[in-house]
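Enquirer: Give me a model of this one.
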Amino acid sequence: MRSLLLASAVVVAFAAPAQAADDSLDPLLRSAAERVATSDQVAAAKWGTDQPIDDPVREQQVLDSVARKSVELGIDPEESKRVFRDQIEASKVVQRALHAYWAAHPDEQPTERPDLGEIRPIIDRLGDEILLELRDTERLREQPSCGGYLISAFQQTRSELRLNGLHQIGLARAVPSICTGP
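Expert: Purely as a prediction, here's the structure:
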C-alpha cells in the first residue's frame, strides 16, 4: 500500500503544471546538496567490497531514466542528462575522497555497511526533485544572470546546510551545467 501511495505521489508530482519560478535557485541547489550528501552512505556501502565507485551500467540507467522523465516533464532530455552527469561525477568525487581518507585513517573507517537498495530510493527521490526544479527554473537558468543566482544559491545552501569542505567541493562539481544561457 505504501509503495502504491508513493508511486501515486510521484505521478501527481510529475503531472502537476509548472509553477512560476521565483528568482532563486535555492531549492535546486538544496536538492543537489542533499544528493551529494548521500554519497557518504554510498561510499560506506561500497567500502571494503568489490563494488567500484565507477559503475557505468548504473550511471547509464540513471541517465536513461532522467531522459524519459524529462520528456514527460517537457524538459530537454539532453540538458537534464548533462545536469545529472554532473550529479553523478559529484558523488564520485565525494566517494573517492572518503575512500582515500578511510584508507589513510583505518580508525575512521565505517563500522556498518549501509544497504545500497535502501539508499537508491532516496537518491531517486532527490533526482525527481531536481528534475522538477529544473523544469520550474528553466526561465531563470536561461538568463545571462543565472551565474549570479547560482553563486547566491550555492552560498545560501552551503551556509544553511552547514556543508563541510568535501561536500562544498561535491556541490561545486554538481552544478556547472545548471545555467544554460549565454
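
Enquirer: Every contact and neighbour count from this point should use C-alpha atoms.
Expert: Fine.

Enquirer: Report pLDDT for the spatially most distant residue from the centre of the chain.
Expert: Ranking residues of the chain by C-alpha distance from their mean position (Cα atoms, centre = their mean) puts Asp107 at the top, at 29.3 Å. Model confidence at Asp107, given as pLDDT, is 95.

Enquirer: Give me the distance between Ala172 and Ala100.
Expert: Relative to Ala100, Ala172 is positioned 20 Å away (Cα to Cα, to the nearest Å).

Enquirer: try Gln60
Expert: For Gln60, the distance to Ala100 - Cα to Cα - is 25 Å.

Enquirer: And Asp26, by the same measure?
Expert: In terms of Cα to Cα, Asp26 sits 31 Å off from Ala100.

Enquirer: between the two, who's got more neighbours?
Expert: Between Asp26 and Ala100, Asp26 has the larger neighbour count (other Cα atoms under 10 Å), namely 20 against 11.

Enquirer: residues touching the more buried one, list them.
Expert: The neighbourhood of Asp26, defined by Cα atoms under 8 Å, 6 or more residues apart in numbering, consists of 153-154, 156-157.

Enquirer: could you say what helices and strands the longest helix anywhere in the chain packs with?
Expert: The helix that spans the most residues within the chain, counting by DSSP state H, is helix 77-104. Applying 3 or more Cα pairs under 8 Å, 6 or more residues apart in numbering; DSSP states H and E, one finds that helix 77-104 contacts helix 26-37, helix 39-46, helix 56-73, helix 165-174.
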